[in-house]
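> sharing a model prediction with you, sequence too.
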Amino acid sequence: MDNQNNLPLHLGIIMDGNGRWAKKRGMPRTFGHKAGAEALRSVVDECRRLGIRYVTLYAFSTENWKRPAEEVSVLMDLFDRYLDEAAARLDKSRIVFLGDKSAFPDRLRSKMEQLELDSRDIDDFTIMLAMNYGGRDELVRAARAIAAKAVRGDISPDEISEDTIARELYTYPAVECDYIIRTSGEQRLSNFLMWQSAYSEFYFTDVMWPDFGVKQLHEALDEYTHRKRRFGGI
Ligand code: IPE
Ligand code: IPE
Ligand code: MG
């Protein structure tokens, strides 16, 4: 697949199934997360090669803090390593984090901020990493920001439009999400891009995230090229 026509401009991926993948192999869940990080590298590289502009990866939700401390800590270590790698290949992708960074350990948070700063001039390929991200949290923050502007008298309630809200989202100025892939057989959003998915196409596969590679990505994108998007029209 190297035809850039009809590919999504913005692809979202809910990388699910790491734990079950590992369990099936008699291994701890964290083994699955390590394998999942490998899958992530090849899928992102292929998206870049294909000319997809934005890839949003759901890496850690606002609800994932409920997991055992040991699992959360392994995930933080994996993020840390992934960020070091991303820093080493800075020429390739713009990195943006979606979510409240203040929840992360200082070391990780400053790496996140540095990466965003150092990659901000790259505009042909953007990786948006949703970490401590929740679609509801994002909308609450937007509501607060707009309310604060209204209190200051910078905006009046009847001036609030869809664009006013879109501008306060973590993803701004990225466009809404065209296509959302979820692995592992679950068919739900789990608080991923709620606003940005209003007209997304969805693709669900039983493949567990660590087994999702370039071949599976091509299958998913082939399917997208056959979808008829109408956006309420005819
Ligand atoms: C997705 O895999 C990764 C994260 C949520 C961090 P899971 O860890 O949810 O794996 P399953 O769904 O339990 O198999
Ligand atoms: C969604 O997966 C979050 C990520 C993939 C990071 P979960 O495994 O947390 O979702 P639920 O709990 O099955 O809905
Ligand atoms: Mg899961």
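Great, that's in hand. Residues are numbered from 1 along each chain as shown. Ligands and ions are numbered 1, 2, ... in the order given.
> going by C-alpha atoms from here, please, whenever you check contacts or count neighbours.
Noted.
> for this structure, what spans make up the helices?
18-24, 29-50, 69-88, 106-118, 135-152, 162-166, 214-225 (DSSP state H).
> residue 178 is nearest to which of those helices?
Nearest to residue 178, of all the helices of the chain, is helix 214-225, at 9.2 Å by C-alpha to C-alpha.
> coming back round to it: of all the helices of the chain, which lies closest to ligand 2?
The minimum distance between ligand 2 and these falls on helix 18-24, with 8.6 Å, by C-alpha to the nearest ligand atom.
> in the closest one, what's buried?
Neighbour counts over helix 18-24 (16 or more other C-alpha atoms under 10 Å) mark 18-22 as buried.
> can you list the helices of the chain in JSON lines and add mean pLDDT and distance to ligand 2?
Formatted as JSON lines, the helices of the chain follow (pLDDT from 0 to 100; distance: least, C-alpha to the nearest ligand atom, whole Å):
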{"stretch": "helix 18-24", "mean pLDDT": "98", "distance to ligand 2": "9"}
{"stretch": "helix 29-50", "mean pLDDT": "96", "distance to ligand 2": "11"}
{"stretch": "helix 69-88", "mean pLDDT": "95", "distance to ligand 2": "10"}
{"stretch": "helix 106-118", "mean pLDDT": "96", "distance to ligand 2": "17"}
{"stretch": "helix 135-152", "mean pLDDT": "98", "distance to ligand 2": "11"}
{"stretch": "helix 162-166", "mean pLDDT": "97", "distance to ligand 2": "22"}
{"stretch": "helix 214-225", "mean pLDDT": "98", "distance to ligand 2": "17"}
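> to residue 127, which of those helices lies closest?
Going by C-alpha to C-alpha, the one of the helices of the chain nearest residue 127 is helix 29-50, 8.1 Å.
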